[in-house]
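1. structure for the following, please:
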Amino acid sequence: MTMDMRNGTPIQEFILEGFPAIQHLGKVLFSVHLLAYLASITGNAVIVTITCTNTHLHTPMYFFLSLFSFLESSLTSAIIPKLLVIFLLGKQTISLVACFVQAFITIFLGASGFLLIAVMSLDRYVAICKPLHYPSIMNLRTCLLLVTACCATSFILITSLLMKVSQLSFCGPHVIPHFFCDIGPLIHLSCSDTRATELMAFGFTSFIILSSLIITIIAYSSIAVTITRLPSAKERQKAFSTCSSHLIVLSLMYGSCVFIYVKPRQRSRPDSNREAALVNTVVTPLLNPVIYTLRNKQVHQALREMVCRMKISR
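-> Numbers count the residues shown, from 1 in each chain. Alright, predicted model coming up:
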């Protein structure tokens, strides 16, 4: 039960510390992060829109890409609006319920995104290494089952973890040294014995991130071997171009999240995590649509067709 052990009264809210060292630049930071947020939402929305409306992109690869863009937009929307309020108005309080809801949404979306990254790697593996069997293997039923498995696994793991965290006692201080309610700083704030909860959180996050990473490494190792055996340089370049965008995106995600989550108990305040979390919640969702659109000819063509339709409709 979440109680203040000093006086027995329930804790009603936490305080998100944000970035105190640069809080005096609040209006400037608000403008920068607002622009980044709007650009991220717009870019990912464009990818989802052209994937849904362009029949040439009704393939498993773009189906997974549109879902990934949706997850990225949702993750950003769960975190950045509150950060903008902190920068602009200095309102750092967040209710207990809102904090746990934000923690659940962000971790669930993040975990689903990592598992989806592994599925996208498997999709590229089948497309390049087993091209003749690709249509029969990666059919609509298989795609839906894979997505459902990603979401169901994330939901079960994260729900059980948050239920465990909700049983901890919080006796003060109530300042979360982060700009959103992340699971690590929240556990670190508890005055209960958190060893079992920390071990559970470490096990779940390690399982999600490392299993996704291992699947991705195995898939792309096989892809690399297959590409080197292709007879012509043009075929090798075409095969690599379909994977390069995905590799850039996942390197950004794995780099920041492994640093944040895949480590044992923290003995000091997790201040250094904020910069890595900012990369994962602001920079990566902003760069994803740029990377995919700049390096994909089919997306270029779909964008041109969409712009032409918009001009004609006027």
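2. which parts of the stretch 101-250 of the chain are helices?
-> In the stretch 101-250 of the chain, the helices defined using DSSP state H, counting those that start in this stretch lie at 134-137, 140-166, 183-188, 195-228, 233-261.
3. give me the nearest residue to Lys27, chain neighbours excluded.
-> Leu88 (6.8 Å; Cβ to Cβ, 6 or more residues apart in numbering). All C-beta atoms are positioned from the backbone trio N, CA, C, and that covers glycine.
4. what sits against that neighbour?
-> Taking Cβ atoms under 8 Å, 6 or more residues apart in numbering as the criterion, Leu88 is in contact with 26-27, 30.
5. that one should be in a strand, yeah?
-> No: per DSSP: H, G, I helix; E, B strand; the rest coil, Leu88 lies outside any strand segment and is helix.
6. most packed of the helices of the stretch 101-250 of the chain?
-> Scoring the helices of the stretch 101-250 of the chain by mean neighbour count under mean count of other Cβ atoms under 10 Å gives helix 183-188 as the most buried, with a mean of 22.
7. which non-adjacent residue is nearest the residue nearest the centre of the chain?
-> By Cα atoms, centre = their mean, the chain has its centre lying nearest to Gly110, at 3.8 Å. Leaving out its chain neighbours, the residue that sits closest to Gly110 by Cβ to Cβ, 6+ apart is Leu75, at 6.2 Å.
8. wait, Ile22 touches Leu29, no?
-> Yes: assessed by Cβ atoms under 8 Å, Ile22 is found in contact with Leu29 at 6.7 Å.
9. who has more neighbours, the two?
-> Legend: neighbour count by other Cβ atoms under 10 Å for Ile22 and Leu29, higher for Leu29 (19 against 11).
10. sorry, back to before: inside helices: which ones of the contacts of Leu88?
-> Counted as lying in helices by DSSP state H, out of these, are 26-27, 30.
11. from the residues you listed, which one has the minimum pLDDT?
-> Lowest in pLDDT among the ones in helices among the contacts of Leu88 is Gly26, which has 79.
12. contacts only, for that one.
-> Per Cβ under 8 Å, 6+ apart, neighbours of Gly26: 86-88, 90.
13. could you do Thr55 as well?
-> Taking Cβ under 8 Å, 6+ apart as the test, Thr55 contacts no residue whatsoever.
14. what about it, distance to Ala302?
-> 10 Å (Cβ to Cβ, to the nearest Å).
15. cool, and Leu122?
-> 24 Å.
16. buried among the contacts of Gly26? Make that a ChimeraX selection.
-> Restricted to buried positions by 16 or more other Cβ atoms under 10 Å, the ChimeraX selection for these reads:
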select :86,87
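17. take the contacts of Gly26 and lay them out in a markdown table including distance to Phe204 and pLDDT.
-> As requested, these are arranged in a markdown table below (distance: Cβ to Cβ, whole Å; pLDDT from 0 to 100):
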| residue | distance to Phe204 | pLDDT |
| --- | --- | --- |
| Ile86 | 28 | 89 |
| Phe87 | 31 | 89 |
| Leu88 | 34 | 88 |
| Gly90 | 34 | 84 |
